[in-house]
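> here is the input, now give the coordinates:
(2 chains)
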Amino acid sequence: MKAFAMLYLELDASTSTLHKVDAMARYLRAAPPEDAAWAVYFLAGGKPRQLVPSSRLRELAASAAGIPTWLFEESYAAVGDLAETIAHLVPDGMDDDLTGLARWMSERLLPLRDADPDIQSERLLGWWAHLDWNGRFVMNKLITGGLRVGVSKLLVARALADVAGIDHKTLAQRMIGYTDPRTAPDAGRYGALISPVDSPQARAQQRSHPYPFFLAHPLTDDPAELGPASDWLVEWKWDGIRAQLVLRDGGCSIWSRGEELLTERLPEIEQAARQWVSQDGVGDSGVVLDGEVLAWDATQQRPLPFAALQKRIGRQRISASLLRQTPVIFVAYDLLEWAGEDWRDRPLQIRRRQLVQSLGDEEAPWSVHRLCLSPTLNTDPLGWADLAQRREAARGLGAEGLMLKHSHSSYGVGRTRTAGGLWWKWKLDPFSVDAVLIYAQRGHGRRASLYSDYTFAVWERQPDAEARLLPFAKAYSGLTDEEMKAVDAVIRRTTIESFGPVRSVTPSLVFEIGFEAITLSPRHKSGIAVRFPRILRWRQDKTIEQADSIESLRDLLLGSGAFQSISGVQS
Amino acid sequence: MLRLRPQGLYCEAGDFYVDPWRSVDRAVITHAHADHARPGHQRYLAAAPGEGVLRARLGVINLQTLRYGESVDIQGVRVSLHPAGHVLGSAQVRIEHRGKVWVVSGDYRVESDRTCAAFEPVRCHTFVTESTFGLPVYRWAPQSRVFDSINAWWHDNAQVGRASVLYCYSFGKAQRILAGINPSIGPIVCHGAVEPLNRAYRAAGVDLPQTRLVSEIDDRTSLGRALVLAPPSVAGSPWMRRFPDPSDALASGWMALRGARRRRGVDRGFVLSDHADWPGLQQAIAASGAQRVVVTHGQVPVMVRWLQSQGLQAESFQTEFGGEEGAEA
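Numbers count the residues shown, from 1 in each chain, chains lettered A, B, ... in the order given. Presented below is the predicted three-dimensional model:
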């Protein structure tokens, strides 16, 4: 634990990728394999369910610190991180605990979940008393399940590759499924990660695993700089869940990009996939598709809002009515494996040709099937200007913009540069309105102590009532550090009232707020919900009277609801 | 005895102000930081050890000084100054009139070091306190441990030829660091904003290791072993380009929180403050024996509520000191 806590703090403090990989590799070389197993699990984003309710942690920490709960909450608001707040508040421990990370997990922390509240409290107090600040902080992080440390899975794979002396892509492949919450890490699994060759069991296990996902870069320049449009495969950027469909040895697995196994929650897609491979000429000797899971509105012939899909995926048990209300489909983009052969290094146009051939005719109405092909936009020769025009239709289809994939591109790993060119996401400009800041709350992480999380409102003007500000979105990202400081100062100066961590302010600041989608929502005061709201810029040139009204939002809602069917715009 | 006027904290009986923020006739100054010692008053009264730094910052002023513990009568009000342990010459102002005693502590630090006289508790009826770090999450480690880690960082950088740039407030913090670190590790360079205060400290008899301006260094390669003290404002400025592949750090109480460290984007944050931490504030307030406490700046509502819950009569004065993030903290 001590060594892992040191590593955690070193990673936390560093901004250099090289330094982080080096620090992880150093730790992994020195650590006993069972500890390394857990360290990799956490670093790669593994998260056991929260072991102790955070309300109990707060109460216990407040009483250990000898302070009332209001003072604990004030402290938490200033620190912006529960684990850190507790580490600061409880009395300094003796720093004489030498238990390794694996034993901490299996013998101490994991059994906490089923323990009586009194036992939980007694143990926590005991452990705090034997740990220094670093140890307390990391232990609290393990308990709250919030151990984010600013390393990507790919970086962990690089550190492991360094330790094992093998290629990092092989390691990325082996790491798939490693953070699955159903299997605890142990020395055996860690050994398999870094072994020079794959064991037969490992190979068998990996048969149900997807390939590492290849990710696109956001396009910020003029697409004309990418060369002739005819060199690119252009398709809609769907707003669903990116997934791979893995069909091997009679099995079917659907994995999300977050490496979560979704098969059981998508029975209709599984069924469609099994049917498909039972057809002539396909077979289940090994087929892997990359695509998007979408919730589908069959009458409108367009995806349902993302929220519907989220609700469906969030349920472990799916009722018959939910199945009816929110059917899902798998829209295939790419073919990664065919007849048991890894096709990722073949040019995209070859992979695509095989995909079209085996999944059906690109020209045919496609969305009646649960497993279908994502249509391309440039089957006819189109220039960038034509495509830019097409892109405008994306929102009517429930898409976010276009994807541009070079026809010679191979299927890479993560966001790395690969042979044959990159993939780009060419998103639509977000919706935007000018809104007024009315509430502020102190942020978390690097925004801790600063009033950096805001609630924005637009005007509601009714003929026989005074105009009032109607809150419609919360946002925190989008300002520079300098701007955030300046806004923080205004908030402190113009506070009307504080309730807990939230301050209401005299409205004076106007911001342009961007968002991706807008839907009706009876749960919100404004009757409207927006997706991914963020601050586009601070409108210091505008007074609050010049901010937008709820009418502007309703207009956007109507505009986005101009339901076009997909077949209507397909070429 | 003291009340708030637009100019500052005012003592009517003695017709003087303590650390006023607008020009007044007579100002009693707790210490020479800019938010407490402002230019433009007719007459100044301050502690003798702070004369040099006060003049270095304010230029020509009409200044009367008192030794710590020495008292002066101002229109029947007895005023004396007592060490606050914050920076060189910092003082708590004891004001006695008709059997009632108030103490205005200015900014203070309870852990002592050799750059200034140690904080001395002064008994009083009403204690006027700061609350810059008035949350229980602020608990300082002993300064020897902080200096050990600064030394280790500097040493490691020097080994690989990287300059160690440590951002710190020019007055007080910089000299405390100079007095605390191990000067045998390498040369010490101070920014032009720091050096005049080093001179004032040395002139007041505080022994500091040798420091140089960067322009005085002929052997450029020695900069790779140097500790460089500079105000935080020079980060990212052309001045910084002289140093080969520098590692940067910031010394401040605010570095106690990870969020603040990450926001700063420096390689290291050393938690070193010239203000009292939470236990220090409690200790000082208790030692004053005061039944009434007035909180002037920092975490004001939190401290007031806490002190009230401890059975004290607590209230706040809205001053123009420090603000919630005092720059020199």
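> what residues does chain A have near chain B?
Neighbours of chain B within chain A, by CB under 8 Å from any CB of the partner chain: A:12-13, A:15, A:65, A:67-68, A:70-71, A:74-75, A:78-81, A:84-85, A:88-89, A:92, A:443-450, A:481, A:492. Every residue, glycine included, has its C-beta placed from N, CA and C.
> give me the buried subset of these.
Among the residues of chain A next to chain B, the ones that count as buried by 16 or more other CB atoms under 10 Å in any protein chain shown are A:12-13, A:65, A:67, A:71, A:74-75, A:78-81, A:84-85, A:88-89, A:443-444, A:446-450.
> for chain B, what is the nearest residue in chain A?
residue A:448 (2.6 Å; CB to the nearest CB).
> can I see the domain layout of the chain?
Going with chain A. Annotated domains of chain A cover A:2-144, A:217-427, A:431-559 [automatic domain parsing].
> could you do chain B instead?
According to automatic domain parsing, the domains of chain B span B:2-137+B:274-316, B:143-270.
> of all these, which one is nearest chain A?
It's domain B:143-270; of those, that one is closest to chain A (CB to the nearest CB) at 2.6 Å.
> hmm, the lowest-mean-pLDDT helix or strand in chain B touching chain A?
Least confident helix or strand, chain B: helix B:258-264 with a mean of 85, by mean pLDDT, DSSP states H and E. Yes. Helix B:258-264 lies within reach of chain A by CB under 8 Å from any CB, at B:258-263.
> just give me how far that helix sits from the chain centre.
Distance of helix B:258-264 from the chain centroid (CA atoms, centre = their mean, to the nearest Å) equals 22 Å.
> got the buried residues for stretch B:281-297?
For stretch B:281-297, burial by neighbour count (16+ other CB under 10 Å) applies to B:281-282, B:284-285, B:288, B:290, B:293-297.
> thinking again about what came up before, wait, the residue of chain A closest to chain B sits on residue B:260?
Yes. Using CB atoms under 8 Å, residue A:448 makes contact with residue B:260 at a distance of 6.8 Å.
> surely residue B:34 forms part of a strand?
No. Under DSSP: H, G, I helix; E, B strand; the rest coil, residue B:34 falls outside any strand and is assigned coil.
> what is the burial count for it?
Residues near residue B:34, counting by other CB atoms under 10 Å in any protein chain shown, number 12.
> now swap in the one 3 residues further on and tell me
Look at residue B:37: counted by other CB under 10 Å, it has 24 neighbours.
> please report the distance of the residue nearest to it when sequence neighbours are not counted from residue B:3.
Sequence neighbours aside, residue B:29 is the residue nearest to residue B:37 in space, at 4.8 Å (criterion: CB to CB, 6 or more residues apart in numbering or on different chains). From residue B:29 over to residue B:3 the distance is 19 Å, taken as CB to CB, to the nearest Å.
> which one of those two has more residues nearby?
The residue with more neighbours, out of residue B:29 and residue B:3, is residue B:29; 29 against 9, by other CB under 10 Å.
> which residues sit in contact with that one?
Residues near residue B:29 by CB atoms under 8 Å, 6 or more residues apart in numbering or on different chains: B:18-19, B:36-37, B:44-46, B:50, B:54.
> and the domains of chain B: which comes nearest residue A:294?
Smallest distance to residue A:294 across these (CB to CB): 37.2 Å, for domain B:143-270.
> just the terminal-to-terminal distance for the closest one.
Counting by CA to CA, to the nearest Å, you get 10 Å between the two ends of domain B:143-270.
> which SS class is residue A:458?
strand.
> hang on, the earlier thing: for residue A:88, see how far away the residue of chain A closest to chain B is.
Per CB to CB, residue A:448 is found 12 Å from residue A:88.
> where do the contact lists of those two overlap?
residue A:79.
> identify the residues contacting the closest residue to residue B:212 other than its chain neighbours.
Spatially, and ignoring its direct neighbours in sequence, residue B:212 is nearest to residue B:189 (5.7 Å; CB to CB, 6+ apart). Going by CB under 8 Å, 6+ apart, residue B:189 touches B:211-214, B:217, B:223, B:226-229.
> from those, which is closest to residue A:515?
residue B:228 (45.9 Å).
> so that closest one sits against residue B:244, correct?
No. Using CB under 8 Å, residue B:228 is not in contact with residue B:244; the gap is 11.2 Å.
> settle it for me: which of the two has more neighbours?
Shown here are residue B:228 and residue B:244; by other CB under 10 Å, residue B:228 has more neighbours (25 against 13).
> mind listing the residues bridging to that one?
residue B:165, residue B:189 (DSSP bridges).
> what's the burial count for the nearest residue to residue B:178 once chain neighbours are set aside?
Of all residues not flanking residue B:178 in the chain, residue B:208 sits nearest, at 4.6 Å (CB to CB, 6+ apart). By the measure other CB under 10 Å, the count of residues near residue B:208 is 20.
> ok, residue B:23 next?
13.
> repeat for the one 10 residues further on
Other residues within reach of residue B:33, judged by other CB under 10 Å, total 25.
> quick revisit: next, format the domains of chain B as JSON lines and append distance to residue A:49.
Converted to JSON lines, the domains of chain B look like this (distance: least, CB to CB, whole Å):
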{"stretch": "domain B:2-137+B:274-316", "distance to residue A:49": "27"}
{"stretch": "domain B:143-270", "distance to residue A:49": "24"}
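> quick one: low-confidence residue ranges for the chain.
The chain I'm using is chain A. Along chain A, segments meeting pLDDT under 70 span A:280-281, A:361-368, A:379-380, A:416-421, A:559-571.
> chain B was what I was after
B:323-328.
> between residue B:228 and residue B:244, which contacts overlap?
With CB under 8 Å, 6+ apart, residue B:228 and residue B:244 have common neighbours residue B:163.
> ok, residue B:71 touching residue B:77?
No. With contact defined as CB under 8 Å, residue B:71 does not reach residue B:77; the gap is 10.1 Å.
> who's more crowded, those two?
residue B:77 (18 against 13).
> next, give phi and psi for that one.
phi -100, psi 130 (degrees, to the nearest 10).
> excluding its backbone neighbours, what's nearest it?
residue B:14 (3.5 Å).
> wait, what's in contact with the one you found?
Counting by CB under 8 Å, 6+ apart, residue B:14 touches B:74-77, B:79, B:95, B:97.
> over to residue A:31?
A:3-4, A:39, A:100-101.
> let me have these in JSON lines, extended by neighbour count.
Compiled in JSON lines, the contacts of residue A:31 are given as follows (neighbours: other CB atoms under 10 Å in any protein chain shown):
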{"residue": "A:3", "neighbour count": "17"}
{"residue": "A:4", "neighbour count": "24"}
{"residue": "A:39", "neighbour count": "24"}
{"residue": "A:100", "neighbour count": "17"}
{"residue": "A:101", "neighbour count": "27"}
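> ok, which pair from those residues is furthest apart?
So, those by CB to CB: farthest apart are A:39 and A:100, at 10.2 Å.
> from residue B:19, how far off is the residue nearest to residue B:37?
Residue B:29 is 6 Å from residue B:19, by CB to CB.
> list residues touching both of the two?
Counting by CB under 8 Å, 6+ apart, the residues touching both residue B:29 and residue B:19 are B:36-37.
> one step back: what about the contacts of residue B:29, which are in strands?
For the contacts of residue B:29, the ones inside strands are B:18, B:44-46, with DSSP state E as the criterion.
> could you flag which of the residues you listed are buried?
B:18, B:44-46.
> what is the nearest of these to residue B:194?
residue B:46 (21.7 Å).
> contacting residues for that closest one?
Residue B:46 sits in contact with B:28-29, B:31-32, B:37, B:54, B:63-66, B:81, B:89, B:91, where contact means CB under 8 Å, 6+ apart.
> you'd agree residue B:36 is up against residue B:106?
Yes. Using CB under 8 Å, residue B:36 is in contact with residue B:106, at 6.1 Å.
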